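*Asks:* can you look at this prediction? I've put the sequence above it.
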Amino acid sequence: MARSGYTRVLIVDTHPLFIMGLTSLLESYGKFNIIGTAENISGALRLAEKENPRLVIMEISLRGENGIDLIQKLKNLNQEIVILVLSMNDERYYSERILRMGARGYIMKTSPSNIVMDAVHTVLNGKVYLSEDERERIFQAMADESSRGTKDWSMSIEKLSNRELQVFSLIGRGYGTIEIASRFNLSTKTIDTHKEHIKLKLHCSTSQELRQLAIEWASISGNP
């Protein structure tokens, strides 16, 4: 039932217990009305179109789907929707990307509840939310991109398109070309083309080097 003056919230995640916890947290603060939950892109879009949420709190790792794609679809549906990504994935590798796609903030699921609510209020007030560490990393990268003594994964991953990032992630999780092609309903030739583009962008000379790089990245990024 609609409640006047309450912020209408849609939660998109694949873990029921997490959704229950987040719902309880929001409702404990008052002025939030959870208008629905979804576990995939199609379900989220149906609810967004029907219920017109003001705020969408979403995970980018959805079963079999990349939640980053949902961000653009939601903004195409309604430019006024405020999107906050609340994810298990390390913010260093996704925060700038999701902001470019139209989200307003990024916060990790390991954050305490008071920080989550700070992020919620920040984005609803029209500001961008990133952790202090992530803001500092971005500022430092902007100030001195050349001072990289160790591999800067966040800078490297930013070179990849959304589809290339999906392919790279699956390579790191042990998927082969045929499996990746089937997952995205694409031809193996298309996947091979993506791989070649990734190799060029990440300066890999062989497919084995690309695979090792993808495995290394998967191990540190928190990408499931």
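*Replies:* Received, thanks.
*Asks:* what is the subsequent helix or strand relative to the helix or strand of the chain with the lowest mean pLDDT?
*Replies:* Least confident element among the helices and strands of the chain, by mean pLDDT, DSSP states H and E: helix 153-157 (a mean of 69). Sequence order places helix 162-172 as the next helix or strand after helix 153-157, per DSSP states H and E.
*Asks:* I'd like the next helix or strand past that following helix.
*Replies:* Counting by DSSP H and E, what follows helix 162-172 is helix 177-184.
*Asks:* which residues are contacting that following helix?
*Replies:* 64, 163, 166-167, 170-171, 175, 186-188, 190-192, 195 (CB atoms under 8 Å, 6 or more residues apart in numbering). Glycine gets a C-beta too; all of them are placed from N, C-alpha and C.
*Asks:* need the contact list for the residue positioned nearest the centre of the chain.
*Replies:* Geometric centre of the chain, nearest residue: Ile60, 3.6 Å, by CA atoms, centre = their mean. Taking CB under 8 Å, 6+ apart, we find Ile60 in contact with 66-68, 85, 87, 89, 94, 98.
*Asks:* try it again at 6 Å.
*Replies:* Contacts for Ile60 (CB atoms under 6 Å, 6 or more residues apart in numbering) come out as 67-68, 85, 87.
*Asks:* repeat for Arg54
*Replies:* Contacts of Arg54 (CB under 6 Å, 6+ apart): 7-8.
*Asks:* quick one: mean pLDDT over stretch 210-222.
*Replies:* On average, the pLDDT along stretch 210-222 is 79.
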